[in-house]
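Engineer: Could you look at this predicted model? Sequence included:
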Amino acid sequence: MMAAILDSLVGSCAKKLQEIITEEAVLILGVKEDLRELQRTMTQIQYFLSDAEQRRTEESAVNNWLGELRDAMYYADDIIDLARSEGCKLLAESPSSSRKSTSCIGRSFFTCIPNVQKRHKIAVQIRDFNAELQKISELGERYLKLQNMQPKAEVPTVKQMATSHLVEPNLVGKETLHACRRLVELVLAHKENKAYKLGIVGTGGVGKTTLAQKIYNDQKIKGQFGNQVWICVSQNYSEAALLKEILRNFGVHHEQNETVGELSSKLATAIADKSFFIVLDDVWVPEVWTNLLRIPLHAAATGVILVTTRHDTVAHVIGVEDLHRVDLMPADVGWELLWKSMNISEVKDVQHLQEIGMDIVRKCGGLPLAIKVAARVLSTEDKTENEWRKFINRSAWSVGTLPTELRGALYMSYDDLPRHLKQCFLNCGTYPEDWVMQRDYIAMSWVAEGFILEQKGQLLEDTANEYYYELIHRNLIQPDGSTFDLAKCKMHDLLRQLACYLSREESFVGDPESLGAINMSKLRRVTVVTEKDILVLPSMVKGELKVRAFQTDQKAWSVEDTFFKKIPSIRVLNLSDSLIERIPDYIGNLIHLRLLDLDGTNIYFLPESVGSLMNLQVLNLSRCKALNSLPLAITQLCTLRRLGLRGTPINQVPKEIGRLEYLNDLEGFPVGGGSDIGKTQDGWKLEELGHLLQLRRLQVIKLQRADPCATDSLLADKKYLKLLSLCCTKHPIEPYSGEDVGNIEKIFEQLIPPHNLEDLVIAGLFGRKFPTWLGTTHLVSVKYLKLIDCKSCVHLPPLCQLSNLKYLRIDGAAAVSKIGPEFVGCREGNPRSTVAVAFPKLETLIIKNMPNWEEWSFVEEGDAAAASMEGEDDGSAEIRKGEAPSPRLQVLPRLKRLELVDCPKLRALPWQLGQEATCLEGLGLRGASSLKVVEDLPFLSDMLSIAGCDDLEKVSNLPQVRDLRVQLCPNLRLVEGLGSLQQVLLTNDMREISSLWLPGLQQQCMQHHGEDLGIYPWTW
């Protein structure tokens, strides 16, 4: 466990030493040989780590040795930064002629003294540490007899996988589905009760929360209660925090310093004479209900409480009236989950491996979570009985020092990780329970902490993203499903327990004031969860805090004035959404700082001393509404990799941002209007992007202020660029002039992205046409495309040329009245498309706010007939010309989700949609008030949602639709041909008109399925 962390830390330090030994800033200190000696000792120690890890659980002396070594390595990391920092200062102070020598020849005696003292101090620190590290090495070799073992080579690569394949389907869900239906019916049947309590009980990892989420999100429950809230209680809950979270979900304001009694009274007032549905997830003690929530929620008129807990006694004391037990999986069901989780498709493999597979399921104790993580470990092995038997016999199954619930497959899933992924997994445990983790942030923090191994030709952030998706692939973190690219995730509470346990000696989540100075002195990573208004870190009587990573729970609290002075070793500092308003000059002394996140704070000024942060990689100033200018010293941050300015009203920036050559993430790049004030300007010129060759993510704003560039290759040479957002600000009161329109069209035409771009956003374009590069095969790698508020563009580009496009959103194209054949690559007067398949990989299509859009077709009617004649044997024109007949155009073969919102003039859906979109699962129509029919969609397999379609008269021939939802369709008089329909959700306004067709649907459901059609109220 510890050796994995140490191996990476020792390797990282040795690598840094290798790099800095020849740096001019270090040579000036005169410690080159001392650093070489340090490097040799570290290399020697690395060979002991494998043996030490194997012996640490049985031998306390070895465990203590590893702990001592860990502290030494963290100190070594600090010394390396210190040497570079002091060397750079001396280098800056030295005249260029003296840089070739570490002597003081030619300089005044009094000028030389401080520099000699600095060099001597650094040299003494390094030599003293060298001696200390040598003692640790000798202790391991001579007294502990640690074996010199070559570290196992690991390929520092992870699987490249398509994110769309990472979402695991409901593999073995019949029991869950039946339980969900029963419990939903109970919730609805008792919604008029004063306080009806339901319980879901089962061991950790068995699926209680999954079942509760299905119930909570069930559409039949939505809108049935005045208030609906999900609360993750957890083992160490705070009464005040829990009450505040409920009030927040109820839309009730509360003050930061209110007592539990005051919050309870406020909740009672807010809920009085109303109804509620509340889920209390992961309840460990009954007092959360009996002592805290029972009395204030009793003020409600009606309510349903759903409790999930591991303990029957908790449910009984709370007084649940219906208890559902989620049982462990029997071996045969667990085996089905195992092989489906591994995507084993060959019947012979399923049969051949069944016996050993069921043994593995039993080894996992029938726990679904354990089975799924075991499946991911097994997926890397050959599908043979011998290999699977070796898996069962691994020693990691029986590590006796672990808490019982963390043994077996859960620890095995950690033990199987490569060393570089182990650190990342443990880091995920430093977030509060049930926390939604953001991929981009945790990737940046992993880079800042040095967890990411360099790969040739690839930026560290891209490698970090691969690590993230590998952890998802291994079921160690779970995507929350709210984003198309799985950019948000959570960690199961059992896996989080495992991560917290394994890193317990150096990580802490909670209120640091509860620890005291002694315990706090040992910690390296702290996540603050507190109800106090001001955070006060314990003062150290002896030594100083060694915290390397500090982050908040994003609640509104401030820090004490001495806060920054108490964290001299800090590398990752996240104060996002705190009440901090001022960053002191002292921050320049935090020489180890790699990541500074001030997102959503009230800061109005950033001191020039930030220029001293020579190791800073991430500076996030997004959503800082009071910040209008950047310090000049920003351009001195030569290691900066991300500058976040999204949503921050910056109007004064320093010149020469191009000096930041490692910058790869630049959000909110404000284009200047040509106003210079000394060393600052009111924005940057587009040309300044030319020097930033490592850009990976770029958001440009205020493009209407730009002047045409001298080159068309400003972005085209950015070989790492994956995400590009080009934005103009909102239209002014006065319309743009013809000159302005021509200018912006020319600018967009010049901003040709590179071939490797994957995600593109164009927002606020006020030209009359899109750039020509958007409708070509140039953007072959684009997967996600958003065209937002391009209100003056008359035609959409032929986006079918984007052969890898998965997600397309067109929003606010107000001038478009027709989407025709050109959209799928057909030229005017020619029914043949330039592609054989239009949108071959598109899965999601959203078209919104199109007030003038009337017609949607893929081919012209006349051209369709002509196209059908092509290639016949009666001697068509093409064949007479010696040309091969064109194949029939395929359209949207992988489309799963289609949404049309606020398109009031659209008259009909294209008929090809029913023939070509064979994977369509969901269709949503809202505000399409001119549509008269929705029919002939034989492949639509899940849900049809219709709202605000005033002229809609008929829904017909949708044989696979299971879920129909209708609102504000006053003329819908006929609904038929929905043979698979299982439930209908209707708003109150549909009661009368639906009586014309509901009886027929009910009769049809009884005939086809032998059960009643579910009919429920629907509330948006």
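Structural biologist: That came through fine. Worth saying up front: this structure is predicted, and the values here are computed from it rather than measured. Numbers count the residues shown, from 1 in each chain.

Engineer: list the helices and strands the helix or strand containing residue 133 packs on?
Structural biologist: In this structure, residue 133 sits in helix 109-138 according to DSSP states H and E. Here helix 109-138 touches helix 32-46, helix 60-93, going by 3 or more C-beta pairs under 8 Å, 6 or more residues apart in numbering; DSSP states H and E. The C-beta positions use only the backbone N, C-alpha and C, and glycine is treated the same way.

Engineer: Report the buried residues of the last one.
Structural biologist: Judged by neighbour count using 16 or more other C-beta atoms under 10 Å, the buried positions of helix 60-93 are 62-63, 65-67, 69-70, 72-91.

Engineer: from what I can see residue 671 touches residue 700, true?
Structural biologist: Yes - distance between residue 671 and residue 700: 6.4 Å, which falls inside the contact criterion (C-beta atoms under 8 Å).

Engineer: what residues are shared contacts of those two?
Structural biologist: Residues touching both residue 671 and residue 700 by C-beta atoms under 8 Å, 6 or more residues apart in numbering: residue 686.

Engineer: which residues of the stretch 601-750 of the chain score low on pLDDT?
Structural biologist: Residues of the stretch 601-750 of the chain that meet the criterion pLDDT under 70 lie in 675, 731-732.

Engineer: could you pull out the helices for it?
Structural biologist: Assignment of helices within the stretch 601-750 of the chain using DSSP state H, counting those that start in this stretch yields the ranges 738-750.

Engineer: For it, which segments count as strands?
Structural biologist: 618-620, 642-644, 653-654, 665-670, 676-677, 680-681, 697-701, 723-727 (DSSP state E, counting those that start in this stretch).

Engineer: What average pLDDT does stretch 393-400 get?
Structural biologist: Mean per-residue pLDDT for stretch 393-400: 83.

Engineer: May I see the buried residues of it?
Structural biologist: 396, 397.

Engineer: End to end on it, go ahead and measure it.
Structural biologist: 15 Å (C-alpha to C-alpha, to the nearest Å).

Engineer: And that stretch, how far out from the chain middle?
Structural biologist: 33 Å (C-alpha atoms, centre = their mean, to the nearest Å).

Engineer: Contacts for that stretch, please.
Structural biologist: For stretch 393-400, the external contacting residues (C-beta under 8 Å, 6+ apart) are 57, 363, 407, 408, 409, 411, 412, 415, 416.

Engineer: TSV for these, including pLDDT and secondary structure?
Structural biologist: Below are those laid out as TSV (pLDDT from 0 to 100; DSSP: H, G, I helix; E, B strand; the rest coil):
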residue	pLDDT	secondary structure
57	67	coil
363	91	helix
407	88	coil
408	89	coil
409	91	helix
411	91	helix
412	90	helix
415	87	helix
416	88	coil
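
Engineer: Please list only the buried members of those residues.
Structural biologist: 363, 407, 408, 409, 411, 412, 415, 416.

Engineer: nearest to residue 175, of these?
Structural biologist: residue 409 (20.6 Å; C-beta to C-beta).

Engineer: need the contact list for that closest one.
Structural biologist: For residue 409, counting by C-beta under 8 Å, 6+ apart, the contacting residues are 363, 364, 367, 370, 371, 373, 374, 377, 397.

Engineer: do you know how far the nearest residue to the third one once chain neighbours are set aside is from residue 326?
Structural biologist: In space, not counting the residues next to it along the chain, residue 367 is nearest to residue 205; the distance is 4.9 Å by C-beta to C-beta, 6 or more residues apart in numbering. Residue 205 sits at a distance of 10 Å from residue 326 (criterion: C-beta to C-beta, to the nearest Å).

Engineer: Tell me which of those two has more neighbours.
Structural biologist: residue 205 (26 against 21; other C-beta atoms under 10 Å).

Engineer: and that one, what pLDDT?
Structural biologist: 88.

Engineer: Report the contact partners of it.
Structural biologist: So residue 205 contacts 367, 368, 369, 370, 410, 492, 494 (C-beta under 8 Å, 6+ apart).

Engineer: And this structure, split by domain according to the record?
Structural biologist: Domain assignment for the chain, taken from the TED database, gives 1-91+119-144, 174-325, 328-401, 417-504, 506-554+569-633, 921-1019.

Engineer: how many neighbours does residue 947 have?
Structural biologist: Neighbour tally, residue 947, other C-beta under 10 Å: 18.
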